[in-house]
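Colleague: fold the following.
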Amino acid sequence: MVSPRPRCTCSTTCSPGCGRDDVAHYRVPKVQAVSAAPSPAADMAMPPGGTGGLPPPSLPAGAAKLAWTLPSGWTQESGGGGMRYATLKSPVSGKADVSVTVLPGDAGGELANVNRWRNQIGLPPIDGAALAAARKPVTTGAGPVSLYDFTGGEKRLIAGLTLVDGNSWFIKITGEAGPVGQARPDFLRLVESLRRESSN
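Modeller: From the prediction side, this is the model:
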């Protein structure tokens, strides 16, 4: 005996699909993958241990530049991005970054720069009296250099600053306290060797 075909139970008028196992097919357009654009920070990132091939900043016409004598075993690369004029490398093992930076004018003033350095190693700001107490004058061929030496926890920073033809020059070593301490004697000799050199 053949069972009767089930009747459509749709209310009012039966729709064409009622009582059938129809499957609807839709064509979906393919979405093309788009690669994310690199961020400016990625473009400026330096390879480990290198300067990224970035040239040193230009000096005003006629302005003198600094020159120095590298301690034995040290190496040097020009530039490095921003206002970094040169990147120096000490042979000591561990983290100890040495940089020479030049900025126009007084670059915000000595106190502001020293407090910025202190902040980099987790130290609080100081006032003018404490600045004078921390300053160690060094006589060089480029003129007087103000030298500062700060330790914050496991970090240490030694930096010298001087003004040459209206430009502020900073020579700084920063990193882990141990390696920076080992490199300190050579760094001081480096600072003492500073001299003016014509940019022409």
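
Colleague: in the longest helix along the chain, what's buried?
Modeller: Taking DSSP state H as the criterion, the chain has its longest helix at helix 177-192. Neighbour-count burial for helix 177-192 flags 177, 179-184, 186-188, 190-192 (criterion: 16 or more other CB atoms under 10 Å). C-beta: built from backbone N, CA, C; applies to glycine.

Colleague: then stretch 109-120?
Modeller: Residues of stretch 109-120 classed as buried: 110, 113-115, 117-118 (neighbour count, 16+ other CB under 10 Å).

Colleague: ok, of those residues, which one's closest to G143?
Modeller: E110 (14.2 Å; CB to CB).

Colleague: residues contacting the closest one?
Modeller: Counting by CB atoms under 8 Å, 6 or more residues apart in numbering, E110 makes contact with 131, 146, 161.

Colleague: hang on, the earlier thing: next, format the buried residues of stretch 109-120 as a markdown table and append pLDDT.
Modeller: Shown next, in a markdown table, are those (pLDDT from 0 to 100):
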| residue | pLDDT |
| --- | --- |
| E110 | 95 |
| N113 | 95 |
| V114 | 97 |
| N115 | 97 |
| W117 | 96 |
| R118 | 97 |
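
Colleague: okay, and which of those map to helices?
Modeller: 110, 113-115, 117-118.

Colleague: distance of W74 relative to S193?
Modeller: From W74 across to S193, the span is 11 Å (CB to CB, to the nearest Å).

Colleague: neighbour count winner among these two?
Modeller: Neighbours per residue, other CB atoms under 10 Å: of W74 and S193, the larger number sits with W74, 18 against 15.

Colleague: mind pulling the model confidence for the more buried one?
Modeller: You'll see W74 listed with a pLDDT of 97.

Colleague: which residue ranges form the strands in this protein?
Modeller: 65-67, 75-78, 84-89, 96-104, 136-140, 143-152, 155-164, 167-176, 195-197 (DSSP state E).

Colleague: okay, stretch 134-144 in PDB with CA atoms only?
Modeller: The C-alpha trace of stretch 134-144 is given here as PDB (Å, rounded to 0.1, in the frame of the first residue of the first chain):
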ATOM      1  CA  ALA A 134      76.300  66.400  40.400                       C
ATOM      2  CA  ARG A 135      78.200  68.200  37.600                       C
ATOM      3  CA  LYS A 136      81.800  67.400  37.000                       C
ATOM      4  CA  PRO A 137      83.600  69.900  34.700                       C
ATOM      5  CA  VAL A 138      86.000  68.300  32.100                       C
ATOM      6  CA  THR A 139      88.400  70.400  30.100                       C
ATOM      7  CA  THR A 140      88.600  69.400  26.400                       C
ATOM      8  CA  GLY A 141      89.800  70.700  23.100                       C
ATOM      9  CA  ALA A 142      86.200  71.400  22.300                       C
ATOM     10  CA  GLY A 143      85.800  73.600  25.400                       C
ATOM     11  CA  PRO A 144      84.400  72.700  28.800                       C
END
